[in-house]
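J.: quick check, what structure comes out for this input:
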Amino acid sequence: MWGVHWGNHSDGPMSLLLLLEDSPADIKRADEVARRAGFTEIEVHRFATDARIYLEKGLRGEVPLPEAIVLDIDLGLESGFELLRFWHRIPELKTIPLFVWTVTGDQYREVCGLFGVCEFVSKDDGPAALLKVLAPVIPNEDSAATA
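T.: Modelled structure (predicted):
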């Protein structure tokens with residue numbers, strides 16, 4: 001399954017977030033937060049394999065690379081760790097901030113830190129916690145005022 005690309009088609013510069021998430025409610029929540037943080041485009045993938053393929057295409061210049069990546073560790077049939085390992089191994093991707101946004105327990109917080117994840121954000125902390133880490137990625141008046 002290929003990802004869904006949501007955009008607002010504004011005339012301003014594009015700012016892309018790659019979202020790896022399997023829950024429709026959390027996809028909607030992350031989309032709303034990302035737009036408040038200044039992202040204009042959201043590339044959504046429900047499977048780590050598809051998100052990895054998207055990033056591989058980005059590395060080849062076939063699609064734009066994202067300004068940031070938000071991933072959930074617990075994807076049901078797959079694990080977000082697959083994409084995390086891929087991101088960690090590729091020097092060109094390590095410049096893209098990666099945020100883990102999950103309900104998975106704190107036992108993974110230290111592992112994510114070892115991989116160089118920018119922030120580990122619990123979904124239990126609500127949308128404001130995700131906004132707080134995403135807002136500095138795309139500086140704009142809206143995200144600066146609400147962060």
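J.: use CA for all of it now, contacts and neighbours both
T.: Will do.
J.: and the pLDDT at Val4?
T.: For Val4, the pLDDT comes out at 48.
J.: cool, Phe120 as well?
T.: pLDDT at Phe120 comes out at 80.
J.: you'd agree it is up against Pro97?
T.: No. Contact criterion CA atoms under 8 Å: Phe120 and Pro97 do not qualify, at 11.7 Å.
J.: who has more neighbours out of those two?
T.: For Phe120 versus Pro97, neighbours defined as other CA atoms under 10 Å are more numerous around Phe120 (23 against 18).
J.: you'd agree the more buried one is in a helix?
T.: No. Counting by DSSP: H, G, I helix; E, B strand; the rest coil, Phe120 is not part of a helix but strand.
J.: can you tell me the closest non-neighbouring residue to it?
T.: Once flanking residues are discounted, Phe120 sits nearest to Val100: 4.8 Å by CA to CA, 6 or more residues apart in numbering.
J.: where does that neighbour land in three-state SS?
T.: From three-state DSSP, the assignment for Val100 is strand.
J.: separation between Arg36 and Glu78?
T.: In this view, Arg36 and Glu78 are 29 Å apart by CA to CA, to the nearest Å.
J.: so where's the longest helix in the chain?
T.: Under DSSP state H, the helix in the chain containing the largest number of residues is helix 24-37.
J.: show me what it packs onto, helices and strands only.
T.: Applying 3 or more CA pairs under 8 Å, 6 or more residues apart in numbering; DSSP states H and E, one finds that helix 24-37 contacts strand 41-45, helix 127-134, helix 141-146.
J.: all good on my end, thank you.
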